[in-house]
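Asker: Structure of the sequence below:
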Amino acid sequence: MRVLIQRVSEASVEVSGEAVGSIGRGLLVFVGFGKKSTVGDISWMVEKLNGLRVFPDSEGQMNLNIHEVSGEVLVVSQFTLYGSCQKGRRPSFEPAMSPGEAEVHYDQFVQQLNQSFSSKVETGLFGADMQVSLTNDGPVTFWLERESGDDV
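Answerer: Purely as a prediction, here's the structure:
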């Protein structure tokens, strides 16, 4: 499971010109699932996102988590996080989970986030061609990766 998070002052996602999700201050979470991703990875990632201190305190230090700033979350599925450009000129998506399985994992990830966050959790539309707009705050961007059995 791979997650790219961006601390944002605002973010939104559109499908066919229609807004399907938007947030104010919070985290934009791009998520992809690999063939080795498990439900345990989802739980680990949700716990990590709950406690990750990426928001500034009164002294400008990253000491606050999303709950402490009443932040919101926008989750966007992105299988291209498992794309490899090591060989040739066209990315290979061999390590990516099949779309059917990935959608089940995506739904579980969103469900667990909804259960653990008191703030708003919005989503894109799984498998759709989406246009994502954001204002990266900082900029602050982090890559998180967890495959079953990793001690990350």
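Asker: so where is this structure shaky, pLDDT-wise?
Answerer: Counting by pLDDT under 70, the chain shows low-confidence ranges at 149-152.
Asker: Point to the residue nearest the middle of it.
Answerer: Val29 (2.3 Å; Cα atoms, centre = their mean).
Asker: what helix or strand is that residue on?
Answerer: Assigned by DSSP states H and E, Val29 belongs to strand 26-32.
Asker: mind exporting the lengthiest helix in the chain as CSV, just the C-alpha atoms?
Answerer: Longest helix in the chain by number of residues (criterion: DSSP state H): helix 99-116. Provided in CSV are the C-alpha atoms of helix 99-116 (Å, rounded to 0.1, in the frame of the first residue of the first chain):
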residue,chain,number,x,y,z
PRO,A,99,-8.9,-3.1,-10.1
GLY,A,100,-11.6,-5.3,-8.5
GLU,A,101,-9.4,-6.1,-5.5
ALA,A,102,-8.1,-2.6,-5.2
GLU,A,103,-11.6,-1.1,-5.1
VAL,A,104,-12.4,-3.4,-2.1
HIS,A,105,-9.3,-2.3,-0.3
TYR,A,106,-10.0,1.4,-1.2
ASP,A,107,-13.5,1.1,0.2
GLN,A,108,-12.1,-0.5,3.4
PHE,A,109,-9.5,2.3,3.7
VAL,A,110,-12.2,5.0,3.4
GLN,A,111,-14.5,3.2,5.8
GLN,A,112,-11.7,2.9,8.5
LEU,A,113,-10.8,6.6,8.0
ASN,A,114,-14.5,7.6,8.4
GLN,A,115,-14.6,5.5,11.6
SER,A,116,-11.5,7.1,13.1
